[in-house]
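>>> take this sequence and fold it.
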Amino acid sequence: MQARLRPCPATAPPSRWDRLRRWVLRIGLARANLLYTGLVLAASMSITTLITVLAGRALPPALFATAVCVLSVAPVTGYVILKLLYELEASRLRIRQLAITDELTDSFNRRHFVELGEAELLRARRYGTPLALILLDADHFKQVNDTHGHQCGDVLLREISLACRATLRSTDLLARFGGEELVVLLPQTDLAGALAMAERMRDQVAGLSLAWRGRTVEVTVSLGVAALRPETPTLDALVHEADVALYEAKRGGRNRVCVASAGRRGASAA
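The predicted model follows:
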């Protein structure tokens, strides 16, 4: 039912310029400008001293003139340059946030989920820690769109995302997987823990009640749960197992949780 996941390429290690840029951003604009002014002053004084000594002129007047010039110009130019750097970094972070976030639900988008999910799966394999995944889908969502309009559907999907996020830990990953589907990756979580989390999410969403143009709109979700096993080769396979369980939940009556296993057994709760 799901398209194959495509892992993102690994990012290159930061260069020296990147490390310097991050350090400058970390110390703040005022300190960075003070440091810039001090470096320019020290370099200018050194050059002035060398030239003055080689020319056989008096040193103090030359150093005084250099200091006055540098202190008159460097703080202003430094502030302008560094301010541009800070604004550029803020814009870069904003663009980065937009690139990894689903605009409607304010959760991660599918591409970023794959990137983080692949890293979590490798970490779980390396250290032998549990990892689980939940795939959930809003029940009868097309009926909501047809009856109340797509704007109502968008608001409802956003409320579902917020309700799910309220049950999660800070280390859990929530993403919009496509359409009205959401996916949750649970690091350090075994199958029993994932089932308990899925039940809390199902119950939280079932309690939603959206007032829309004089009418009350309610929604439920069906959830499929899968846990990483030694024979689960990839994140794509883990998602597929959860997708099979989700299909079983839909076929079993919706508003329930089903779990995937090698024996294709299911567990459900209405």
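>>> pLDDT below threshold where in this protein?
1-12, 261-270 (pLDDT under 70).
>>> could you pull out the helices in it for me?
16-27, 29-55, 59-100, 110-127, 141-148, 150-165, 191-206, 235-251 (DSSP state H).
>>> by contact count, what packs against the last one?
Helices and strands touching helix 235-251, by 3 or more CB pairs under 8 Å, 6 or more residues apart in numbering; DSSP states H and E, are helix 110-127, strand 131-138, strand 221-227, strand 257-259. C-beta here means a position set from N, CA and C on the backbone, and glycine is covered the same way.
>>> from what I can see N255 touches H140, true?
No: here N255 lies out of contact with H140, judged by CB atoms under 8 Å, at a distance of 10.0 Å.
>>> more neighbours, the two?
A side-by-side neighbour count of N255 and H140, using other CB atoms under 10 Å, places N255 first with 21 against 13.
>>> how close does that one sit to D243?
Distance, N255 to D243, using CB to CB, to the nearest Å: 18 Å.
>>> residues touching the residue nearest to L41 when sequence neighbours are not counted, list them.
Counting by CB to CB, 6 or more residues apart in numbering, L41 lies nearest to V70, which is 4.7 Å off, once chain neighbours are set aside. Counting by CB atoms under 8 Å, 6 or more residues apart in numbering, V70 makes contact with 37, 40-41, 44-45.
>>> any idea how far R254 is from V70?
In terms of CB to CB, V70 sits 73 Å off from R254.
>>> can you add neighbour count and distance to T77 and give the contacts of V70 back as TSV?
TSV is the format used below for those (neighbours: other CB atoms under 10 Å; distance: CB to CB, whole Å):
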residue	neighbour count	distance to T77
T37	19	9
V40	17	9
L41	16	13
S44	18	13
M45	15	17
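>>> out of those residues, flag the one nearest to S107.
If you rank the contacts of V70 by distance to S107 using CB to CB, T37 comes first, at 44.1 Å.
>>> ok, back up a step: nearest to L156, of the helices and strands packed on helix 235-251?
Between L156 and the helices and strands packed on helix 235-251, the tightest spacing by CB to CB is seen for strand 131-138, at 7.4 Å.
>>> which other helices and strands contact the closest one?
Packed next to strand 131-138, using 3+ CB pairs under 8 Å, 6+ apart, are helix 110-127, helix 150-165, strand 181-187, helix 191-206, strand 221-227, helix 235-251.
>>> wait, which of those is closest to L173?
strand 181-187 (4.1 Å).
>>> what angle separates the closest one from strand 221-227?
Counting by axes from the mean of the first three to the mean of the last three CA atoms, to 10 degrees, strand 181-187 points 30 degrees away from the direction of strand 221-227.
>>> so in that sheet, which strands flank strand 181-187, and in what orientation?
Strand pairing for strand 181-187, determined by DSSP bridges: strand 131-138 (antiparallel), strand 173-178 (antiparallel).
>>> re earlier: export the helices and strands packed on helix 235-251 as TSV, with columns for distance to P14 and mean neighbour count.
Formatted as TSV, the helices and strands packed on helix 235-251 follow (distance: least, CB to CB, whole Å; neighbours: other CB atoms under 10 Å):
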stretch	distance to P14	mean neighbour count
helix 110-127	17	17
strand 131-138	28	26
strand 221-227	35	27
strand 257-259	41	27
